[in-house]
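1. no sequence on this one, just coordinates:
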């Protein structure tokens, strides 16, 4: 191979490689933006007390698995988790205050994962104040071009000496 041909081939490989790298970064940035929009829809659904709007962001059917803070140990399937959200939202007599912070999202093709700190506060039907800060880890899958949560794990720290949950969860 001549030097000229080698330079042309090397340049072509570098150009193609750079183009692919930019395309992957762009797709990843778009995917992250789509997932951030999904999280915002959940936040808005909570504020609106709209379980249907919240659940539009979760995988329909029986493959969804959620570990929530409250019993049971796990929710299997979309219908079971929707019922959980309906019960939770019915426990708020007013518009909940909702804040998602420390949102981190990573993508790898059609799978993504993320975690956040989520604070939800409201007044219950008897006038009591509910204020819960939890840690949430989500696994997302791109299904027919749309990101959906396929697994969620919600938790709060527990003081092992007292056995009590830390519902305000400060860093």
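-> Thanks, I have it. Owing to the predicted nature of the structure, the values given are computational and were not obtained by experimental measurement.
2. stretch 137-147: how far from the chain's middle?
-> Relative to its parent chain, stretch 137-147 has a centroid offset of 9 Å by Cα atoms, centre = their mean, to the nearest Å.
3. does the residue most central in space within the chain count as helix, strand or coil?
-> In the chain, the C-alpha nearest the mean C-alpha coordinate belongs to residue 138, at 4.4 Å (Cα atoms, centre = their mean). Secondary structure state of residue 138, per DSSP: H, G, I helix; E, B strand; the rest coil, is strand.
4. how about residue 28?
-> Residue 28 - assigned by three-state DSSP - is helix.
5. from residue 140, how far out is the residue nearest to it when sequence neighbours are not counted?
-> In this structure, residue 28 finds its nearest non-sequential neighbour in residue 107, 5.1 Å apart by Cβ to Cβ, 6 or more residues apart in numbering. No exception for glycine: its C-beta is placed from N, CA and C like everyone else's. As judged by Cβ to Cβ, to the nearest Å, residue 107 and residue 140 stand 8 Å apart.
6. what sits in contact with each of the two?
-> residue 35 (Cβ atoms under 8 Å, 6 or more residues apart in numbering).
7. who has more neighbours out of the two?
-> residue 140 (26 against 20; other Cβ atoms under 10 Å).
8. quick check: bridge partners of the more buried one?
-> residue 112, residue 149 (DSSP bridges).
9. can you check what pLDDT the model gives residue 70?
-> Note on residue 70: pLDDT of 86.
10. got it, and residue 46?
-> The model's pLDDT for residue 46 equals 96.
11. follow-up on the earlier one: hmm, the residue nearest to the centre of the chain is touching residue 115, no?
-> Yes - Residue 138 is in contact with residue 115 according to Cβ atoms under 8 Å; the separation is 7.3 Å.
12. thinking again about what came up before, check what pLDDT the residue nearest to residue 28 gets.
-> pLDDT at residue 107 comes out at 95.
13. how about the helices in this structure?
-> 3-47, 51-55, 78-90 (DSSP state H).
14. least confident of those helices, on average?
-> Across the helices of the chain, the lowest-scoring stretch is helix 3-47, with a mean of 67.
15. contacting residues around the residue nearest to residue 28?
-> Going by Cβ under 8 Å, 6+ apart, residue 107 touches 28, 31-32, 35.
16. in those residues, which residue is surrounded by the most others?
-> residue 35 (24 neighbours).
17. that one: what's it in contact with?
-> 105, 107, 112, 114, 140, 147.
18. check residue 64 too.
-> 58, 75-78, 81, 149-151.
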